[in-house]
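A.B. asks: Just need the structure, nothing else, for what follows:
(one chain, ligands or ions: 1)
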Amino acid sequence: MKESTNPKSEQLDHSTTDNTDQALTTNQGLKINNDQDSLKAGERGPSLLEDFILREKITHFDHERIPERIVHARGSGAHGVFKINKSLSKYTKAKFLAEEGKETPVFVRFSTVAGSAGSTDLARDVRGFAVKFYTEEGNYDLVGNNIPVFFIQDAIKFPDLVHAVKPEPDNAIPQAASAHDTFWDFISLMPESMHMIMWAMSDRAIPRSYRMMEGFGVHTFKFINEGGKMHFVKFHFKPKLGVHSVAWDEATKISGKDSDFHRRDLWEAIENGAFPEWDFGVQIIPEEDEHKFDFDLLDPTKLVPEEEVPVELVGTLTLNRNPDNFFAETEQIAFHPGHLVPGIDFTNDPLLQGRLFSYTDTQLSRLGSPNFHEIPINKSINTVHNNQRDGHMRQQIMKGKVSYEPNSMGGGCPFQAMMKDGGFASQEERVDGKKIRARSQSFVDHYSQAKLFYNSQSGPEKTHLQNALIFELSKVTIPAIRERVVGQLNFINKDLAAAVAKKVGVHVTVLEQPNGSIPADADPKSLQSPEKEPYTKSSDALSMKNTVKDTIKSRIIGFIIEDGVHAQDVNTLKSKLENEGAVVQIISGSLAAVKADDGTAFEPKHSLTSTASVCFDALYIGSGKQSTQNLMNEDNKPGTLLFINEAYKHCKAIYFGKETEDIYNASNVKHKKHEDPAIIISDQNDSDALFMKAVAQHRVWELEKARNNPA
Ligand code: HDE
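C.D. replies: Here you go, the predicted structure:
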């Protein structure tokens with residue numbers, strides 16, 4: 001294991017215990033001399049109630065579980081460091097953002113939303129992207145997602161949304177899936193969700209890796225500088241490895257072959273020293289520009305297009321240390337959008353406002369005590385001083401008699417900090433209005449940005465989105481729900497609606513006016529339909545086609561080889577790939593060492609039956625007649641061909657080494673030279689380099705149709 005390069009992330013006192021050279025003890029520190037047998041009355045007699053060692057052990061075990069998160073239950077986390085490369089002091093007084101070069105320890109937790117803690121990583125779902133910054137001014141939590149908008153505009157709809165997507169209450173089916181009646185019933189009646197639906201049905205919802213996802217703060221927040229001036233801000237994390245996804249067919253297969261795929265990927269990348277990195281960026285909007293946009297900045301179903309306000313990259317987030325203990329750290333970490341530091345504040349986004357209540361409330365039931373901030377992973381790095389006392393499992397031992405304020409007996413301590421000394425004060429905002437239970441007129445356009453997203457997708461991305469909708473709606477048993485969703489799609493794109501309608505066996509119903517949460521007095525002109533007003537805007541930043549494609553760092557390349565393989569070819573390619581940071585894993589007919597032509601032994605990590613091509617980014621089929629013969633013998637042939645055919649179907653790079661023609665010819669690979677840039681044959685000039693270039697491209701989705709042979 002490589003050492004973490006940054007000591008900052010280890011600065012936190014997370015009280016680890018090392019058992020090396022230690023005797024087993026009870027929780028009271030008593031050394032145990034027999035942990036194999038309980039205390040009995042005679043050799044074959046009943047156990048004795050006085051066996052306090054047995055009772056302590058079993059009681060602790062009985063209480064080992066805590067309630068899983070009501071949403072985002074399935075997740076994985078890591079420690080790291082955040083570095084600010086370009087000071088934001090012009091906009092914010094938050095020290096961790098204002099002092100150029102400053103490094104702040106972080107813990108990041110990624111998650112799916114709908115599934116239980118044990119569900120598959122590869123569900124079609126939004127991913128949580130929650131960052132806890134342990135700043136010297138207190139903890140700051142940026143609790144975001146990998147999609148920049150949300151399904152609903154008001155917190156009061158959140159329990160409904162979550163109830164609709166979770167397993168249906170009568171039979172608890174399906175797990176970690178939105179493809180069922182109640183979710184789409186709710187969506188069909190919530191036009192405000194259509195923008196997010198476009199994202200959730202796109203490949204963004206089936207990432208290749210947590211390390212290859214963007215992160216967004218979603219809501220608009222406020223920055224406050226030393227002079228008290230306010231700017232609106234949107235937060236972004238952009239992965240240095242690019243934004244990449246898998247195919248839906250692949251996702252379903254990975255769920256079976258390795259349901260911990262994303263968890264393992266994050267863990268192994270960090271163990272191998274391939275520390276995941278993101279650029280941190282901000283979109284800054286001056287206060288006076290608040291109403292300059294054709295949407296409301298407070299509406300969480302809208303993004304600020306990068307063409308209108310560029311993302312300024314100002315920092316780097318690096319994950320460099322795996323947790324020591326999943327439960328103590330990843331499970332017990334408690335995020336809250338209300339964990340703020342001076343220089344950052346909330347807006348009146350009604351979704352964000354509701355979240356400010358929810359997160360403390362949920363920790364009380366999940367972690368069981370108002371003292372959850374004392375759990376090591378939740379502790380701020382500056383010592384807590386206040387007059388809060390007692391409660392379940394209190395750790396801090398406060399000295400003295402004084403636990404109130406004002407006081408004279410404690411010398412007035414702890415005292416209120418002046419703003420100039422880092423005391424937090426909310427931004428003074430004029431609020432003036434009637435008390436109403438209503439939605440703002442400025443929140444009423446639910447389709448323009450859904451169209452913006454759809455228009456911005458490449459051909460293959462549009463096809464994937466369409467197929468996702470077809471898959472999901474095909475699982476909906478009530479035709480009226482399918483029809484209502486198609487009616488909503490028709491407001492976004494008529495061709496999309498027609499294509500989905502055809503496959504899910506309904507007609508496109510032209511809805512007169514979207515129903516749901518539209519104010520009764522809404523201006524009908526703002527409810528655009530494609531016929532009335534064609535919407536042609538698009539944004540390059542919204543397509544994964546335009547992402548980073550120049551690195552093979554941390555990509556997993558499967559080498560399929562058998563006895564007799566040309567050792568030299570294997571070693572040359574392996575070292576070229578590893579020099580560029582890729583990971584080579586040997587796959588063979590069995591786990592026995594592969595004897596190469598020169599006597600070298602290669603240790604396989606997998607056999608053809610223990611894994612599948614969906615767990616790899618690209619394949620190399622080892623050179624050599626003998627190896628080819630062995631891979632094509634009766635025993636190995638089905639596995640070898642399935643591997644190659646699936647990789648081909650999923651548009652991956654495949655490199656055929658020398659003398660592998662028999663495998664190539666028996667496979668589904670159809671390739672005329674230079675037509676498919678991801679099929680590399682060893683007789684091509686500089687074939688190793690061509691292969692590496694193809695791996696960096698991630699996939700040739702444009703050739704999906706041509707390649708889409710049954711696997
Ligand atoms: Fe959350 N959300 N949420 N959420 N959320 C939780 O807090 C909630 C929302 C997000 O890795 C819960 O500790 C409400 C938007 C992430 O531990 C809970 C509303 C966004 C995580 C909760 C929202 C998020 C959570 C469950 C609507 C993206 C996982 C357990 C008003 C900006 C954090 C917990 C982790 C977790 C409530 C909407 C992101 C119940 C009421 C929008 C990444 O408090």
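A.B. asks: what secondary structure does Thr640 sit in?
C.D. replies: Following DSSP: H, G, I helix; E, B strand; the rest coil, we place Thr640 in the helix state.
A.B. asks: quick one, what contacts it?
C.D. replies: Thr640 is in contact with Ile560, Leu608, Leu631, Met632, Ile663, counting by Cβ atoms under 8 Å, 6 or more residues apart in numbering. Any C-beta I mention is one placed from the backbone N, CA and C, and that applies to glycine too.
A.B. asks: Go ahead and confirm Gly423 touches Pro342.
C.D. replies: Yes. Using Cβ atoms under 8 Å, Gly423 is in contact with Pro342, at 7.4 Å.
A.B. asks: more crowded one of the two?
C.D. replies: A count of neighbours by other Cβ atoms under 10 Å puts Pro342 above the other of Gly423 and Pro342, at 21 against 11.
A.B. asks: which residue does the chain bring closest to the ligand?
C.D. replies: Of all residues in the chain, Gly128 sits closest to the ligand, at 2.8 Å by Cβ to the nearest ligand atom.
A.B. asks: got the phi/psi numbers for the residue most central in space within the chain?
C.D. replies: Of all residues in the chain, the one closest to the mean position by Cα atoms, centre = their mean is Arg127, 3.8 Å from it. Phi and psi for Arg127, reported as degrees, to the nearest 10, are phi -110, psi 130.
A.B. asks: That one contacts Phe110, correct?
C.D. replies: Yes. The criterion here is Cβ under 8 Å, and Arg127 meets it with Phe110 at 5.9 Å.
A.B. asks: show me where pLDDT drops low in the stretch 551-700 of the chain?
C.D. replies: Applying pLDDT under 70 to the stretch 551-700 of the chain flags the ranges 673-674.
A.B. asks: Which parts of it are helices?
C.D. replies: 567-579, 625-631, 637-649, 661-666, 687-696 (DSSP state H, counting those that start in this stretch).
A.B. asks: swap in the stretch 351-500 of the chain?
C.D. replies: For the stretch 351-500 of the chain, the helices defined by DSSP H, counting those that start in this stretch occupy 448-456, 459-474, 479-489, 494-504.
A.B. asks: Confirm for me that Ser38 is in contact with Phe52.
C.D. replies: No. Between Ser38 and Phe52 there is no contact under Cβ under 8 Å: 11.0 Å.
A.B. asks: if I look at Arg127 and Phe110, which residues touch both of them?
C.D. replies: Tyr210, Met213.
A.B. asks: Around the ligand, pick out the residues from the stretch 251-400 of the chain.
C.D. replies: Pro300, Ile333, Ala334, Phe335, Leu351, Gly354, Arg355, Ser358, Tyr359, Thr362 (Cβ under 6 Å from any ligand atom).
A.B. asks: most neighbours, which of these?
C.D. replies: Within those, most neighbours by other Cβ under 10 Å means Pro300, with 27 neighbours.
A.B. asks: Tell me the confidence at it?
C.D. replies: Pro300 carries a pLDDT value of 98.
A.B. asks: tell me the secondary structure for it?
C.D. replies: coil.
A.B. asks: so where do the strands sit in the stretch 101-250 of the chain?
C.D. replies: Using DSSP state E, counting those that start in this stretch, the strands of the stretch 101-250 of the chain run over 103-112, 127-135, 138-145, 215-216, 221-224, 230-239.
A.B. asks: Can you name the residues in contact with stretch 304-313?
C.D. replies: Contacts of stretch 304-313 (Cβ under 8 Å, 6+ apart): 85-86, 220, 234, 236, 238, 279-285, 293, 297, 452, 537, 539-541.
A.B. asks: In helices, which of those residues fall?
C.D. replies: With helices taken from DSSP state H, the overlap with these comprises Leu452.
A.B. asks: Only the buried subset of the contacts of stretch 304-313, as a ChimeraX command please.
C.D. replies: In ChimeraX syntax, the buried subset of these is picked out as below (16 or more other Cβ atoms under 10 Å):
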select :220,234,236,238,279,280,281,282,283,284,285,293,297,452,539,541
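A.B. asks: all strands in the stretch 501-650 of the chain, in order from the N-terminus.
C.D. replies: 556-560, 583-588, 594-595, 601-602, 606-607, 618-621.
A.B. asks: Find the pair from the residues of the stretch 251-400 of the chain next to the ligand with maximum spatial separation.
C.D. replies: Among these, the pair separated by the greatest distance (Cβ to Cβ) is Pro300 and Ile333, at 23.5 Å.
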